[in-house]
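Student: heads up, no residue letters with this:
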């Protein structure tokens, strides 16, 4: 049942986080391996940089990303009994200029531009490196501005960082969408009054104690589809998630935040199949389930939505 289609959710400005949201850190993993460190230590190192940055902000002391990053990198080498020198530290850190954009980002930027929505970046890193990455990945022409905590002298997720970014763009927080792959970033923006969109590609699940985002998706394309009103233009959702039934937490979270009627349909009876197929992660996010009625199950689900 299609409703009158809405505008792109009254959004005039989209703010993208940079590291891990727009750009992958895989280039750093290669560098870590080159100098004798395990690749999975990249995430540990990045988290430790964020922790120190957040801690310094709470104590009203500002230290930039690069300074903290190099210090935390030295700790990683020491903790793993690996040799290092300043040249190695500089070489690894310089790899931030070679990060690759996630495949979904360019398509999303094009769609936003088509809808005449302004796009800016907001990073705990530097504006200069962000601009370099945008140019190297051939997406700089989509961006209307680049912002960094270096200008505000306080780390995200402090509310004033988001508010000052909106102020500089002369757009109200309630007409701004923050897109990020980190729960803390989403929560900070939400507390500042922005709409928020959580990409699940890294953390997989938002912590329960954070405010719920307005949109959830595996990547930015899913977010933009929702922003364009594709899921807002219907009275209900009938979904046969197939193999995602028992494996996709992000699908559950996306369904859970939607207030329209949702019915899960399976052509076969999943409880008569293999044990691993008998658990539905999305069931709790749906109003009902139809099992084992073949293709007639879709008609039954449709009648339920029409009559709801």
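Tutor: Perfect, I can see it now. Values in this document were obtained by computation on a predicted structure and should not be read as measured data.

Student: tell me where the model's unsure across the stretch 101-250 of the chain.
Tutor: Scanning the stretch 101-250 of the chain for pLDDT under 70 picks out 228-234.

Student: check contacts around the closest residue in space to residue 199 that isn't next to it in sequence.
Tutor: Using CB to CB, 6 or more residues apart in numbering and skipping the chain neighbours, the partner closest in space to residue 199 is residue 181 (4.4 Å). (C-beta placed from N, C-alpha, C; glycine too.) Residues near residue 181 by CB atoms under 8 Å, 6 or more residues apart in numbering: 17, 20, 21, 198, 199, 200, 201, 202, 203.

Student: distance of residue 181 from residue 57?
Tutor: According to CB to CB, to the nearest Å, residue 181 stands 20 Å off from residue 57.

Student: follow-up on the earlier one: make JSON lines out of the contacts of residue 181 and add secondary structure.
Tutor: Supplementary listing: the contacts of residue 181 in JSON lines, determined by DSSP: H, G, I helix; E, B strand; the rest coil:
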{"residue": "17", "secondary structure": "strand"}
{"residue": "20", "secondary structure": "coil"}
{"residue": "21", "secondary structure": "coil"}
{"residue": "198", "secondary structure": "strand"}
{"residue": "199", "secondary structure": "strand"}
{"residue": "200", "secondary structure": "coil"}
{"residue": "201", "secondary structure": "coil"}
{"residue": "202", "secondary structure": "coil"}
{"residue": "203", "secondary structure": "coil"}
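
Student: which one of those residues sits closest to residue 275?
Tutor: Nearest to residue 275 out of those is residue 200 (CB to CB; 26.3 Å).

Student: what packs against the host helix or strand of residue 252?
Tutor: Counting by DSSP states H and E, the element that carries residue 252 is helix 249-256. Helix 249-256 is packed against strand 215-217, with contacts defined by 3 or more CB pairs under 8 Å, 6 or more residues apart in numbering; DSSP states H and E.

Student: which neighbours does the strand it packs on have in its sheet, and in what orientation?
Tutor: Here strand 215-217 is paired, per DSSP bridges, with strand 195-199 (parallel).

Student: can you tell me what sits against the strand it pairs with?
Tutor: With contacts defined as CB under 8 Å, 6+ apart, strand 195-199 is touched by 9, 11, 21, 174, 176-181, 183, 186, 189-190, 206, 211, 213-220, 223, 226-227.

Student: for the helix holding residue 252, buried residues please.
Tutor: By 16 or more other CB atoms under 10 Å, the buried positions in helix 249-256 come out as 250, 251, 252, 253, 254, 255.

Student: what is the nearest of the residues you listed to residue 81?
Tutor: The closest of these, once distances to residue 81 are taken by CB to CB, is residue 250, at 38.0 Å.

Student: pretty sure that closest one sits against residue 215.
Tutor: No. With contact defined as CB atoms under 8 Å, residue 250 does not count as touching residue 215 (11.5 Å).

Student: what's the following helix or strand after the helix holding residue 252?
Tutor: strand 261-266.

Student: can you give the distance of stretch 277-286 from its chain's centre?
Tutor: Mean-position distance between stretch 277-286 and its chain equals 23 Å (CA atoms, centre = their mean, to the nearest Å).

Student: give the rounded mean pLDDT of it.
Tutor: On average, the pLDDT along stretch 277-286 is 87.

Student: and the contacts of stretch 45-62?
Tutor: So stretch 45-62 is contacted by 19-20, 25, 63, 65, 68-69, 71-73, 75-76, 124, 153-155, 157-158, 184 (CB under 8 Å, 6+ apart).

Student: buried members of these into ChimeraX, please.
Tutor: Buried residues within the contacts of stretch 45-62, by 16+ other CB under 10 Å, are selected in ChimeraX with:
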select :19,20,25,65,68,69,72,73,76,124,154,155,157,158
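
Student: one step back: for the contacts of residue 181, which one is nearest residue 107?
Tutor: Of all the contacts of residue 181, residue 199 has the smallest distance to residue 107: 13.8 Å, by CB to CB.

Student: for that closest one, list each beta-bridge partner.
Tutor: Beta-bridge pairing for residue 199 (DSSP bridges): residue 217.

Student: what about it, neighbour count?
Tutor: Using other CB atoms under 10 Å, residue 199 has 29 neighbouring residues.

Student: and for the one 3 residues further on?
Tutor: The local packing of residue 202 (other CB under 10 Å) involves 13 other residues.

Student: how much space between it and residue 46?
Tutor: In this view, residue 202 and residue 46 are 10 Å apart by CB to CB.

Student: got the phi/psi numbers for the residue lying closest to residue 198 once chain neighbours are set aside?
Tutor: With sequence-adjacent residues excluded and distances taken as CB to CB, 6+ apart, residue 198 is closest to residue 213, at 4.2 Å. For residue 213, the backbone dihedrals (degrees, to the nearest 10) come out as phi -70, psi 160.

Student: wait, residue 213 sits on residue 186?
Tutor: Yes. Residue 213 lies in contact with residue 186 (CB under 8 Å); the separation is 5.2 Å.
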